[in-house]
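Q: Any chance you can model this:
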Amino acid sequence: MESIILKLDEINKKLDELIEKVNSLENKQQIIETSANKMNNHIEFIENVYDKVKHPLNYATNKLNSIIGIPSIEN
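A: Numbering: from 1, shown residues only. Down below sits the predicted model:
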């Protein structure tokens, strides 16, 4: 009977360790998820800014290139 109790105690300790590790992984996953969301927001911001300045920048570049004598680039 005592050996069964010892085995159960061992199983409980291992289970507690596993629960701690799962909790730790969940915390790390939440941190990574938050960081990924911030990065996605930043990427969307950069893409929006680029979309707004792309055409005026190309226009100015093409005008300057035509003055200098370089053929215009179409995107």
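
Q: Flag the shaky bits of this structure, pLDDT-wise.
A: Residues of the chain meeting the criterion pLDDT under 70: 72-75.

Q: And the most centrally placed residue in it, which helix or strand is it part of?
A: In the chain, the C-alpha closest to the average C-alpha coordinate belongs to Ala36, at a distance of 2.7 Å (Cα atoms, centre = their mean). Ala36 is located in helix 2-68, with elements delineated by DSSP states H and E.

Q: next one: that helix to chain centre, how far?
A: Averaging C-alpha positions (Cα atoms, centre = their mean, to the nearest Å) puts helix 2-68 3 Å from its chain's average.

Q: Give me the number of neighbouring residues for Thr61.
A: Summarising burial for Thr61: neighbours were counted as other Cβ atoms under 10 Å, giving 13. For every residue, glycine as well, the C-beta is placed using N, CA and C.

Q: gap between it and Glu47?
A: Note on Thr61: its distance to Glu47, by Cβ to Cβ, to the nearest Å, is 20 Å.
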